[in-house]
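Asks: structural data only, the sequence is not supplied:
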DNA sequence: ACTAATTCTATAAAAATAGTAGAGTTAATG
DNA sequence: CATTAACTCTACTATTTTTATAGAATTAGT
């Protein structure tokens, strides 16, 4: 399941993607349009900025805008940024690999292989969903 | 990601699946073989029992055994039993549907459709992984 | 009766999540 | 250059979920 953060991030990105090119949106606008607590959204937008998904303009008449193309922001990206690994266990993860503390031998682990299969399929599916594809629905 | 409970449940089921037909395994055996805290495993086995995945025999020489066929226990089943919805948001879930509190109109939600696509693909993949298929690896 | 196992309920400790507060910084404008 | 309106940053708090643990009750074989 997605955390609220990830969900809010997606909703914010969808909002930004629907604005005119070069338009700058204030946090409060996004918060009200997408029904997100404003102070919470501030943090989320900063995270999106640090991930180079959005850009910002400071000061009066400042705000946020999409930095990457709608086509280049996938569900997988946002999941990883806010919720971490896409794999079902850290030992099966590409980007967030960690051995299981209860695992005696990873190579003999019966679970890991199956979970890596799932990861590959889920990842492929999630990389197929972009902000652009969502807006078009 | 899977919770420890779900991971431990899978490991316990894998252990049971590898025993001889009609063999009964004590909790302590499973716990030691799979490196799971015994008292925690007790709860998990009870949940698996309530889900009709394992059966138990009480009293001296009691223990647990697989009730369903290895082929009929899927990763999707265990995920749902311990970690709930497979969908990324409750509003996109088949078995754990709930509307989002922040959603003003579900029919106009741009996220939901994409998440239902992901759910269908993930679910299909997870239903393809059975205890039996894991043991064979 | 004794022993060894599951069953059940309650509790506790730790971690993660969700959200809030408030001071600081930046930039436009008159 | 003061004012205003925006983003930025750090810290904190409250809640919920997760991960167990404790201990009494029940069951059944010998």
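Replies: Good, I have the coordinates. Keep in mind that this is a model prediction, so the values were computed, not measured.

Asks: quick check: residues of chain A near DNA strand D?
Replies: Applying C-beta under 7 Å from any atom of the strand, we find that chain A lies next to DNA strand D at A:26-28, A:42-43, A:45-46, A:49, A:56-64. Just so you know, the C-beta spots here come from the backbone N, C-alpha and C atoms, and that holds for glycine as well.

Asks: is the residue in chain A positioned nearest to DNA strand C in a helix, a strand, or coil?
Replies: Residue of chain A nearest DNA strand C, by C-beta to the nearest atom of the strand: residue A:59 (2.1 Å). What DSSP: H, G, I helix; E, B strand; the rest coil gives for residue A:59 is coil.

Asks: in helices, which of the residues of chain A next to DNA strand D fall?
Replies: A:27, A:28, A:42, A:43, A:45, A:46, A:49 (DSSP state H).

Asks: what sits against the third one?
Replies: For residue A:42, the set of contacting residues under the criterion of C-beta atoms under 8 Å, 6 or more residues apart in numbering or on different chains consists of residue A:27.

Asks: switch the cut-off to 10 Å
Replies: A:27, A:28, A:31, A:36 (C-beta atoms under 10 Å, 6 or more residues apart in numbering or on different chains).

Asks: so among those, which ones count as buried?
Replies: By neighbour count, with 16 or more other C-beta atoms under 10 Å in any protein chain shown, those hold A:27, A:31, A:36 as buried.

Asks: closest one of those residues to DNA strand D?
Replies: residue A:27 (3.6 Å).

Asks: got a pLDDT number for that closest one?
Replies: On pLDDT, residue A:27 comes in at 98.

Asks: identify the residues contacting it.
Replies: Per C-beta under 10 Å, 6+ apart, neighbours of residue A:27: A:12, A:36, A:38, A:39, A:41, A:42, A:44, A:45, A:56, A:62, A:63, A:64.

Asks: if we go to 7 Å?
Replies: Residue A:27 is in contact with A:38, A:41, A:42, A:45, A:63, counting by C-beta atoms under 7 Å, 6 or more residues apart in numbering or on different chains.

Asks: if we ignore the residues flanking it in sequence, what's nearest the fourth one?
Replies: Computed as C-beta to C-beta, 6 or more residues apart in numbering or on different chains, the closest residue to residue A:45 that is not its neighbour in sequence is residue A:64, at 5.5 Å.

Asks: next one, pLDDT for that neighbour please.
Replies: Confidence for residue A:64, expressed as pLDDT, is 98.

Asks: likewise for residue A:137?
Replies: pLDDT, read off for residue A:137, is 79.

Asks: distance between the ends of stretch A:121-137?
Replies: Its first and final residues considered, stretch A:121-137 spans 23 Å by C-alpha to C-alpha, to the nearest Å.
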